[in-house]
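Chemist: what's the 3D shape of this:
(one chain, ligands or ions: 1)
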Amino acid sequence: MATKGVFVVLEGGDGCGKSTQVKRMVSRLGDLGREVVATREPGATENGAAIRLLVLGGDHLDPRAEALLIAADRAEHVAEVIRPALERGAVVVSDRYIPSSLAYQGVARGLGVDEIARLSDWATGGLAPDIVIVLDVPAREAAGRRAGPEDRMEREPDSFREVVNQAYRDLAVRFGWTVVDGSAPVEEVADQIWAAVRPLL
Ligand code: TYD
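Modeler: Predicted structure coming up:
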């Protein structure tokens with residue numbers, strides 16, 4: 001189904017600086033007079049907030065249950081937030097989307113990229129982003145940036161984070177995602193992201 005808006009996704013390992021960059025991008029888009037919807041996964045909807053607690057709250061979750069819960073959150077997110085906004089012509093900026101599932105569940109949890117891609121495609125009715133930007137930050141540096149109590153994913157060891165980061169780099173080549181060096185100063189990162197997004201507007 002054709003939509004009028006633009007769908008931008010920001011990706012990367014935990015603590016890579018996505019939320020700061022979403023704010024920067026939203027402010028630049030606002031300056032252009034576009035309607036902007038900033039959103040995130042998991043947990044952007046009411047049902048999604050409950051799913052987020054299940055996914056990140058406990059101590060243990062079977063990897064397939066994790067993948068399915070995240071897919072359910074995403075189905076709700078697309079139906080309730082993303083698709084309606086795109087149909088209005090808004091620019092949607094999502095902190096995480098399908099690429100997170102490919103990197104975390106497909107690669108790091110070992111469930112398989114193709115299987116998770118099929119599950120994600122079904123959950124979203126095939127809604128693909130116009131651009132995916134990956135912030136690449138070394139796992140140790142990212143760990144130092146995180147604040148607050150750790151959730152179940154953040155309690156995974158550094159080796160898990162390294163696998164996630166490498167997965168993002170490999171998948172970026174395969175799927176044509178834009179990789180930005182997230183270790184650079186915030187404004188420089190913001191400029192690089194903007195240079196990639198601006199031509200789509
Ligand atoms: P969050 O606190 O939102 O982390 P961040 O600020 O780093 O985005 O938690 C999201 C966590 O859920 C993060 O560890 C990655 C994980 N996740 C997946 O494993 N698969 C997914 O598809 C999504 C959307 C998130």
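
Chemist: what is the neighbour count of Arg155?
Modeler: 10 (other CB atoms under 10 Å). (C-beta placed from N, C-alpha, C; glycine too.)

Chemist: the one 4 residues further on too?
Modeler: Ser159 sits with 10 neighbouring residues when counted by other CB under 10 Å.

Chemist: now do the helices in this structure.
Modeler: 18-31, 46-57, 63-77, 83-88, 98-100, 113-124, 139-145, 158-175, 186-197 (DSSP state H).

Chemist: for these, which has the smallest mean pLDDT value?
Modeler: Note on the helices of the chain: lowest mean pLDDT is at helix 139-145, with a mean of 83.

Chemist: if we can go back for a sec, how about the helices of the chain, which one is nearest Lys4?
Modeler: Proximity to Lys4 (CB to CB) singles out helix 83-88 among the helices of the chain, at 6.6 Å.

Chemist: looking at the helices of the chain, which is nearest to the ligand?
Modeler: The ligand lies closest, by CB to the nearest ligand atom, to one member of the helices of the chain: helix 98-100, at 3.5 Å.

Chemist: isn't Pro42 right up against Leu54?
Modeler: No. Applying CB atoms under 8 Å, one finds Pro42 not in contact with Leu54, separated by 9.3 Å.

Chemist: out of the two, which sits in the more crowded spot?
Modeler: Pro42 (24 against 16).

Chemist: list phi and psi for that one.
Modeler: The phi and psi values for Pro42, taken as degrees, to the nearest 10, are phi -80, psi 160.

Chemist: need the contact list for it.
Modeler: Counting by CB atoms under 8 Å, 6 or more residues apart in numbering, Pro42 makes contact with Gly48, Ile51, Arg52, Val55, Leu56, Leu69, Ile70, Asp73, Arg74, Arg96.

Chemist: equivalent analysis for Val22, please.
Modeler: Taking CB under 8 Å, 6+ apart, one finds Leu10, Ala38, Arg40, Val93, Asp95 in contact with Val22.

Chemist: and the pLDDT for the first one?
Modeler: Note on Leu10: pLDDT of 98.

Chemist: and if you look at the third one?
Modeler: The pLDDT attached to Arg40 in the predicted structure is 98.

Chemist: which one of the helices of the chain lies nearest to Arg152?
Modeler: helix 46-57 (5.3 Å).

Chemist: from the ligand, how far out is the residue lying farthest from the centre of the chain?
Modeler: Here the chain reaches farthest from its C-alpha mean at Gly33, the gap being 24.4 Å by CA atoms, centre = their mean. Here the criterion is CB to the nearest ligand atom, to the nearest Å. By it, Gly33 lies 28 Å from the ligand.

Chemist: filter the contacts of Pro42 to the buried ones?
Modeler: The neighbour count (16 or more other CB atoms under 10 Å) marks Gly48, Ile51, Arg52, Val55, Leu56, Leu69, Ile70, Asp73, Arg74, Arg96 as buried among those.
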